[in-house]
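Undergrad: no sequence on hand, only this structure:
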């Protein structure tokens, strides 16, 4: 009996000890379960609300209306149907004057209005897109800032290949490529290739980078490398940074930029070449024509092909009409004739730099239509501008040549594989 009693006593003691030992652990587990449930409730995505922004403004808080500026339309006319008072528009224009001139709002540009979600539909924000990249934000609160914002820009790389039948512009158009790329390439190759003398069958292969805003191309091109095959010869354009300046070089490390441009104006046609015995269309007789005639619309800018000093600015009634003569160095002088007018500031003694506009195409003097008569003199004697060889500018330096060779070899390999 005593033995049985002690068994029950020891069993009771064990039960109490078990409760004391295990009770905190159970309590902790229970709390852990509660905590886990609490965490689940916090991160539950179904209870989170996504906020949408347009021009940095939470668009869900407003009624959004988009439009296009109409012909002869200004901010007052746009806001007229929203009953914005003339006093309010004047106050806005005063706040705008140091940021954006409201008088420069142009037809065809996009705008967006953020309206209050009430019966009055009161305008709260007005956004005007000045171009594809920039926009003006006008907050209607008198204490708020008016500022210029920029959309996000994405750079995309592309390639283009075109075979020329008439012009580089038409070749890119036929290949489904924005022909503005032709202008960028012509600027790079201006010293190496005469774009008025490119032949049928010439071809170009180019790698470029273009900016996109909201999946719309901006038409700005950064050339990453190109091969222009002209008259059976490959002309490479390899971009390489030297002395902190990005320049284009050929496969041998010579700069594509020469002392003289190949032509003094952009995109026209040669209507008459260099000749010792040309039939003059006005005088109706044969005589020497020691220049090249570029047919182009009146007003087309004419650029000096190289650095130099203006030595003549005059008018010749029985010949070249308005003309400018530039002395480049002790060897070369150039003359630009039949100008409709001179560029601002062009006077004898003025120093000009390569690419500066010196005048505009016209038909002054003895001319049947608008064109530029361009002449080059070497040591005082006329030479054919189309056959003039121009020395290149600074090539890749010896210390930079190993790095340039790596860049060139990699790029040429990529171009060859396209």
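TA: Received it, and whenever you're ready, just let me know what you need. What you see is a predicted model, and the numbers here were worked out from it, not measured in a lab. Numbers count the residues shown, from 1 in each chain.
Undergrad: can you tell me the SS state at the residue most central in space within the chain?
TA: Residue closest to the mean C-alpha point of the chain, counted by C-alpha atoms, centre = their mean, is residue 220 at 2.8 Å. When classified by DSSP: H, G, I helix; E, B strand; the rest coil, residue 220 comes out as strand.
Undergrad: the helices in this protein, which residues?
TA: Ranges of helices within the chain are 2-42, 75-79, 86-96, 168-174, 180-188, 401-417, based on DSSP state H.
Undergrad: who are the packing partners of the second one?
TA: It refers to helix 75-79. The elements that helix 75-79 packs onto, with contact taken as 3 or more C-beta pairs under 8 Å, 6 or more residues apart in numbering; DSSP states H and E, are helix 86-96, strand 123-129. All C-beta atoms are positioned from the backbone trio N, CA, C, and that covers glycine.
Undergrad: mind listing what's buried along the longest one?
TA: This points to helix 86-96. 89, 92-93, 95-96 (16 or more other C-beta atoms under 10 Å).
Undergrad: now these in TSV, with pLDDT?
TA: Below are the buried residues of helix 86-96 laid out as TSV (pLDDT from 0 to 100):
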residue	pLDDT
89	89
92	90
93	89
95	89
96	88
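Undergrad: dump these to CSV, plus distance to residue 358.
TA: Formatted as CSV, the buried residues of helix 86-96 follow (distance: C-beta to C-beta, whole Å):
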residue, distance to residue 358
89, 45
92, 44
93, 41
95, 43
96, 39
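Undergrad: how many neighbours does residue 384 have?
TA: Using other C-beta atoms under 10 Å, residue 384 has 14 neighbouring residues.
Undergrad: where in the stretch 1-150 of the chain is pLDDT low?
TA: 1-49 (pLDDT under 70).
Undergrad: ok, residue 197 touching residue 387?
TA: No - contact between residue 197 and residue 387 fails when scored by C-beta atoms under 8 Å: they sit 10.5 Å apart.
Undergrad: who's more crowded, the two?
TA: Under the criterion of other C-beta under 10 Å, the comparison of residue 197 against residue 387 puts residue 197 first, with 14 against 9.
Undergrad: what separation do you get for the nearest residue in space to that one that is not next to it in sequence and residue 400?
TA: Of all residues not flanking residue 197 in the chain, residue 386 sits nearest, at 6.5 Å (C-beta to C-beta, 6 or more residues apart in numbering). Residue 386 is 33 Å from residue 400, where distance means C-beta to C-beta, to the nearest Å.
Undergrad: likewise for residue 340?
TA: For residue 340, the distance to residue 400 - C-beta to C-beta - is 45 Å.
Undergrad: what do you get for residue 229?
TA: 27 Å.
Undergrad: give me the pLDDT for residue 153.
TA: Model confidence at residue 153, given as pLDDT, is 92.
Undergrad: list the contacts of it.
TA: Listed by C-beta atoms under 8 Å, 6 or more residues apart in numbering, the contact partners of residue 153 are 133, 211-213, 218.
Undergrad: try 6 Å this time
TA: 211, 213 (C-beta atoms under 6 Å, 6 or more residues apart in numbering).
Undergrad: likewise for residue 101?
TA: With C-beta under 6 Å, 6+ apart, residue 101 has no contacts at all.
Undergrad: for it, grab phi and psi.
TA: The phi and psi values for residue 101, taken as degrees, to the nearest 10, are phi -80, psi 110.
Undergrad: what's the answer for the one 4 residues further on, then?
TA: Residue 105 adopts backbone torsions of phi -60, psi 130, taken as degrees, to the nearest 10.
Undergrad: that one and residue 355: what is the separation?
TA: 33 Å.
Undergrad: neighbour count: the two, which is higher?
TA: residue 105 (17 against 14).
Undergrad: average pLDDT for stretch 156-168?
TA: Mean pLDDT, stretch 156-168: 90.
Undergrad: quick one: buried residues of it?
TA: Within stretch 156-168, the residues that count as buried by 16+ other C-beta under 10 Å are 160, 162, 164, 167-168.
Undergrad: ok, stretch 332-344 next?
TA: Neighbour counts over stretch 332-344 (16+ other C-beta under 10 Å) mark 332-340, 342-343 as buried.
Undergrad: which one of the residues you listed is nearest to residue 50?
TA: Nearest to residue 50, judged by C-beta to C-beta, of the buried residues of stretch 332-344 is residue 343 at 56.7 Å.
Undergrad: my read: that closest one touches residue 361, true?
TA: No - contact criterion C-beta atoms under 6 Å: residue 343 and residue 361 do not qualify, at 11.9 Å.
Undergrad: output the below-cut-off pLDDT ranges for the stretch 201-350 of the chain.
TA: For the stretch 201-350 of the chain, the ranges with pLDDT under 70 are 267-269, 271-289.
Undergrad: and the strands in it?
TA: For the stretch 201-350 of the chain, the strands defined by DSSP state E, counting those that start in this stretch cover 203-213, 216-230, 233-242, 245-249, 269-272, 275-280, 285-289, 292-295, 301-303, 308-316, 321-327, 332-342.
Undergrad: reformat these as JSON lines; add distance to residue 60.
TA: Shown next, in JSON lines, are those (distance: least, C-beta to C-beta, whole Å):
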{"stretch": "strand 203-213", "distance to residue 60": "23"}
{"stretch": "strand 216-230", "distance to residue 60": "24"}
{"stretch": "strand 233-242", "distance to residue 60": "45"}
{"stretch": "strand 245-249", "distance to residue 60": "45"}
{"stretch": "strand 269-272", "distance to residue 60": "57"}
{"stretch": "strand 275-280", "distance to residue 60": "73"}
{"stretch": "strand 285-289", "distance to residue 60": "71"}
{"stretch": "strand 292-295", "distance to residue 60": "58"}
{"stretch": "strand 301-303", "distance to residue 60": "50"}
{"stretch": "strand 308-316", "distance to residue 60": "62"}
{"stretch": "strand 321-327", "distance to residue 60": "62"}
{"stretch": "strand 332-342", "distance to residue 60": "57"}
